[in-house]
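Asks: Predicted structure and sequence below. I'll ask about it afterward.
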Amino acid sequence: MSRQKQKFNIVSLGCARNLVDSEVMAGLLQKNDYQIVQQPEDADIVLVNTCGFIGPAKEESIETILEVSRLKEEGKVKKLVVAGCLSQRYPDELARELPEVDLFIGTGEVPRIGEILREHDANSIPRKYIGLPNYLYDHTTPRLRSTPSYTTFLKVSEGCDHKCAFCIIPQLRGPHRSRSIESVVSEATALGQNGVKEINLIAQDLTAYGRDRKDGTTLHALLREMAQVEGIHWIRLLYAYPNFLDHALLDVIRESDKICKYVDIPLQHVSKSLLQRMRRGKSGSAVREAVDRLRAAIPGLTLRTSLIVGFPGETEADFAELLDFVEATQFDRLGVFKYSAEEGTAAARLAETVPEEEKERRWQEIMELQSSISRKKNEALIGSIQRVMIDEVDHGSERLSGRTQAHAPEVDGVVYVDGYDVIDEEADGPRGGEMIDVKIHAALDYDLIGEKLHA
């Protein structure tokens, strides 16, 4: 008689890159005869894939671990496994402070998840599996996707070689290493054959893709190949570092109908002195030039960026320069982080810290400015016709929601589509992943509202 399959649940925290790791672990566990369940309380094994990037992310990870540990105390969960960046960063401290956790697994141990669980079942020791972070999955790796069937994230490389003063990622994820074009295209082809319409390319540094391979592999060559994959409608670039925005890359983004005119480029700041302290490798004028070059090369570009306020030494003049930059640049999408001092980073040793209340004020001021910019941009779309991919059918209202090419999943706003009787689940109407033309008739700060354009 075969043994009963152990049931597992994965709670994935943090970024989309972490989500892909969770999906790979789920695929590997399923291949190793474990059974996935959707709720932690229904699982024998709960794996919390943590984020350890900045303070708030670490707090969320710890709170989630404690929530699952309560399920274990109640007898609903037999084994609690903590994986990901927090385990990689603090293995000894976590093992000491969280005795209720059975296993701590680092970022480099993803491919060994099944082997580690079996070994732990056999002897219950050791508790920590933290090796060098040099793992990189490929198209042959089992992966159990958790996103809707028509959209997914595809990780083309892992790790980072930059030395940004505020960032712990290179220590948690290792050096930059890229998959081959053949591997990425093979995965994209399989995804297209399985109904995926939207691929969001992710990496710690997307524009550095291929440089480590030293065989001529480039991001623009990858994009040209991916644009030929059948079934894929949208290819979006996320997390593109400001360096290496060469003409060949900009040309392929502009020329291909499948590549979204959308670039997420984390600029962090514009003040020359702050960029130097951050070790960003670009001056304020180079940051401005990068924005101008992108917009000139790609008409209709949706430009998203991330900024940091409250970095050590940021003066009121530095912040005013940043605020003026946001006002002048009119970013389509913008996220702001309040600086978090992270031990092990160069910035943690810097003096001239900014008080927390001042960080909050500066964060609020930029977000209020961006809110007004976003609303003006949305209002300019009233009367236009937008191609929308339906994401959600709300069977409690007469409204659908979806996204245009200009809306990345999870991080941007949405387009609400009125005029459907979706209270009736049997009613004829769009389903998730279907693409429709929508005429925009109203705008909110970050969202749009429209109606389907009828023939």
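Replies: Looks like it came in fine. Because the structure is a prediction, the values reported are computed rather than measured.
Asks: what's the following helix or strand after the lengthiest helix in the chain?
Replies: The longest helix of the chain (DSSP state H) is helix 356-379. Following helix 356-379 in sequence order, the next helix or strand is strand 385-393 (DSSP states H and E).
Asks: how far is the helix or strand that comes right after that following strand from where the chain is centred?
Replies: Moving toward the C-terminus from strand 385-393, the next helix or strand (DSSP H and E) is strand 399-403. Strand 399-403 sits 21 Å away from the centroid of its parent chain (Cα atoms, centre = their mean, to the nearest Å).
Asks: do stretch 109-116 as well
Replies: 23 Å.
Asks: CA atoms only for it - export them in PDB, please.
Replies: The C-alpha trace of stretch 109-116 is given here as PDB (Å, rounded to 0.1, in the frame of the first residue of the first chain):
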ATOM      1  CA  GLU A 109      18.500  25.500  -1.700                       C
ATOM      2  CA  VAL A 110      15.300  25.800  -3.800                       C
ATOM      3  CA  PRO A 111      16.100  22.800  -6.100                       C
ATOM      4  CA  ARG A 112      16.700  20.500  -3.000                       C
ATOM      5  CA  ILE A 113      13.400  21.200  -1.300                       C
ATOM      6  CA  GLY A 114      12.100  17.600  -1.700                       C
ATOM      7  CA  GLU A 115      15.400  16.100  -0.700                       C
ATOM      8  CA  ILE A 116      15.600  18.300   2.400                       C
END
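Asks: rewinding a little: show me what counts as buried in the longest helix of the chain.
Replies: 358-359, 362-363, 365-366, 370, 373-374, 377-378 (16 or more other Cβ atoms under 10 Å). Backbone N, C-alpha and C define where each C-beta goes, glycine included.
Asks: Could you dump those into a markdown table with pLDDT and distance to residue 54 added?
Replies: Below are the buried residues of helix 356-379 laid out as a markdown table (pLDDT from 0 to 100; distance: Cβ to Cβ, whole Å):
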| residue | pLDDT | distance to residue 54 |
| --- | --- | --- |
| 358 | 97 | 18 |
| 359 | 97 | 12 |
| 362 | 98 | 16 |
| 363 | 98 | 13 |
| 365 | 97 | 20 |
| 366 | 98 | 17 |
| 370 | 97 | 20 |
| 373 | 98 | 25 |
| 374 | 97 | 24 |
| 377 | 97 | 28 |
| 378 | 97 | 29 |
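Asks: quick check, nearest of the residues you listed to residue 265?
Replies: residue 370 (15.6 Å; Cβ to Cβ).
Asks: Help me confirm that that closest one comes into contact with residue 323.
Replies: No: judged on Cβ atoms under 8 Å, residue 370 makes no contact with residue 323 at a distance of 10.3 Å.
Asks: can you list residues touching both of those two?
Replies: Residues touching both residue 370 and residue 323 (Cβ atoms under 8 Å, 6 or more residues apart in numbering): none.
Asks: can you list contacts of stretch 322-332?
Replies: Applying Cβ under 8 Å, 6+ apart, the contact partners of stretch 322-332 are 269-271, 284, 287-288, 291, 302-305, 307, 309, 334, 365-366, 369-370, 373-374, 377, 406.
Asks: so how far is residue 48 from residue 105?
Replies: For residue 105, the distance to residue 48 equals 10 Å [Cβ to Cβ, to the nearest Å].
Asks: Need the overlap of contacts for the two.
Replies: Joint contacts of residue 105 and residue 48 (Cβ under 8 Å, 6+ apart) are 81-84.
Asks: And the longest helix of the chain, what does it pack against?
Replies: strand 302-309, helix 316-329, strand 333-338, strand 435-443 (3 or more Cβ pairs under 8 Å, 6 or more residues apart in numbering; DSSP states H and E).
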